[in-house]
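1. missing the sequence, but the structure's below:
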């Protein structure tokens, strides 16, 4: 009698014991990450709303027909072939890359210098300077474009590589300033004194101590400046000339004037490459050892 | 001195003419930020080669600013600083060849221990093999061998400060400046690192300038202490001189405990009155730098105060004061007696033998001391 009552109890406890290992991980996962289902649902809808239009363009680019079609009826690389062979397209891509690289370079050098310099200063003047440098971020693009156009006309640099680079460096600089300033937030300025006491000149200190510690911010800023230049269209429209135009301007012309489906291939290329570029800082962060 | 001191091999760097440390001379050194009083006010001091000099003082007394002036992080408003008679006023910090230790260690977080220590040698273009050898030697000196490839974040606070110490001495600096280097460490580690710093000072033999607000630390480590107050040096001397012979009430109060008898009346001749008693203040018994005119108080250290049951037990020639026992605390090695001194009931302390359990709160006693043990101090 006693044996029969104890046996079910023990088998129960065995069942509990076997169930137990699978249960705690579930509970732990839920308690550590308490995201309600409806929030996930909203997140998915919003993300879909943002991403879908850009994703739809990718299948369209393989459509291969002479007009826009979704879903595509066939698979073809014709649009890509046209993109890479037509001098109008490939030439403007080359121009865009050249402008973006040079503009990002200038924006990075000056933006980093400004961030490091302003970080060492306190007071009203430094704050005013910072605001001044950020102003192109909040100015409507068209206002900026008109201002650039009018002054560049006087300087006779519209439609030139130098003009594009200068204008794009200006709008890229705030991104570098923000990224480097935030990187400097975690930078201990006492390291500068330590480095000086160890015999390093200010330049060596900058190269061997400051730069390695804020490098991630500099790279992030440079990427943003590059991408900003790459997809900037308003100023570029004002500055374009028959001999020099950038990819966004060519794309704009393609939809408004020519109705050229090659734009699907161009857009896909831009979307994919920009996404990869912006993922680089994330991947770099993974690789660096503990800081 | 042992032979492990790295200074033997330090010929590659521009060290001073004297083999063991540099003389640092401050002459009328002033730093004025335009506030009501200068941060550092006409400080004149000679720090001798190989000396362990401590700048002691409360926060805001100018000790750290003076150190930063020596390091070159601040520019002089007036006066001059010379290393081995060579004026360094116009020299930027990176050309002064000084090692420096900071309170927060200031290690480069992106470099390993070995890279941190090699940093000053690389700046001086020392050859690779020489760097490897000297980094190994100095890590052995600070007992951190085998940690070469660790990052600072993987080390404890004490270990990090030892890396910083290694980095600051590996290039045979003219002098080592230490800016409250033990401030961030807990008590036990502090004691261990104090011993370490003292040992390394002995072995390296370089000039050390140490800044602290901790009087115990100052007394344990220093050859001499410069006591700072409101941007000026209040008194300079060996720890014993400062403890035994303070010139001012500030100095007496800053270093160690003291019983302070503030004088209401002028010292006349060899005598002064306090609480209705006449005390001997003959120069022969007080050996003071403070004249009777400027003396505003008499200071007696707790260990110099003896407690007697009544005036009959006080030896002739001793200065005495009636007192009430307020409290007796057993401290292990001794008993600390808190007293109310005289009619004014001035708080004082004395030390009793640990085994002497006769006294209790409320007891009326007489406290006395030999006049040779007292000090006349100025304000």
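-> The structure has been received and is ready for your questions. A quick note: this is a predicted structure, and the numbers were derived from the prediction, not measured. Numbers count the residues shown, from 1 in each chain, chains lettered A, B, ... in the order given.
2. Show me the helices in chain A, by range?
-> Listed in chain order, the helices of chain A (DSSP state H) span A:2-32, A:37-61, A:78-85, A:87-120, A:124-138, A:141-155, A:161-185, A:190-197, A:202-205, A:211-230, A:234-239, A:247-253, A:262-287.
3. With respect to residue B:314, which of those helices lies nearest?
-> For the helices of chain A, proximity to residue B:314 was assessed by Cβ to Cβ; helix A:190-197 is nearest, at 57.0 Å. No exception for glycine: its C-beta is placed from N, CA and C like everyone else's.
4. got the residues of the stretch 151-291 of chain A near chain B?
-> A:188, A:190-191, A:193-202, A:204, A:208-209, A:212-213, A:289-291 (Cβ under 8 Å from any Cβ of the partner chain).
5. The top strand by length along chain B: how far from the chain's middle?
-> Ranked by residue count under DSSP state E, the longest strand found in chain B is strand B:319-330. Once both centres are worked out by Cα atoms, centre = their mean, to the nearest Å, strand B:319-330 turns out to sit 30 Å from its chain's centre.
6. Can you list the neighbours in contact with that strand?
-> Contact partners of strand B:319-330, identified using Cβ atoms under 8 Å, 6 or more residues apart in numbering or on different chains, comprise B:261, B:274-275, B:277, B:279-280, B:307-308, B:311, B:314, B:335-342, B:345, B:347-348, B:352, B:354, B:359-371, B:374.
7. quick one: low-confidence ranges for the stretch 51-200 of chain B?
-> Within the stretch 51-200 of chain B, not a single segment meets pLDDT under 70.
8. which parts of it sit against chain A?
-> Counting by Cβ under 8 Å from any Cβ, the stretch 51-200 of chain B sits next to chain A at B:71-73, B:92-95, B:97-100, B:102, B:104, B:106-110, B:119-120, B:123-124, B:151, B:153-154, B:167-168, B:171, B:177.
9. please redo it, this time with the cut-off set to 6 Å
-> B:73, B:93-94, B:100, B:106, B:108-110, B:119-120, B:123-124, B:153 (Cβ under 6 Å from any Cβ of the partner chain).
10. Next step: the residues you listed restricted to helices.
-> The members of those that map onto helices under DSSP H are B:119-120, B:123.
11. between those, which is nearest residue A:280?
-> For those, the nearest to residue A:280 is residue B:119 (29.5 Å; Cβ to Cβ).
12. Read off the pLDDT value for the closest residue in space to the closest one that isn't next to it in sequence.
-> Ranked by Cβ to Cβ, 6 or more residues apart in numbering or on different chains and with sequence neighbours excluded, the top spatial neighbour of residue B:119 is residue A:198, at 5.5 Å. For residue A:198, the pLDDT comes out at 95.
13. one step back: report the buried members of the contacts of strand B:319-330.
-> B:261, B:274, B:279-280, B:307-308, B:314, B:335, B:337, B:339, B:341-342, B:348, B:352, B:359, B:363, B:365-369, B:371, B:374 (16 or more other Cβ atoms under 10 Å in any protein chain shown).
14. which of those are close to chain A?
-> Of the buried ones among the contacts of strand B:319-330, not one also sits near chain A (Cβ under 6 Å from any Cβ).
15. Quick check: buried residues in stretch A:149-161?
-> Here stretch A:149-161 shows A:149, A:152, A:157-160 as buried, counting by 16+ other Cβ under 10 Å.
16. any chance you could map the helices in the stretch 151-300 of chain B?
-> For the stretch 151-300 of chain B, helices defined by DSSP state H, counting those that start in this stretch occupy the ranges B:157-169, B:187-204, B:215-221, B:239-244, B:249-254, B:283-286.
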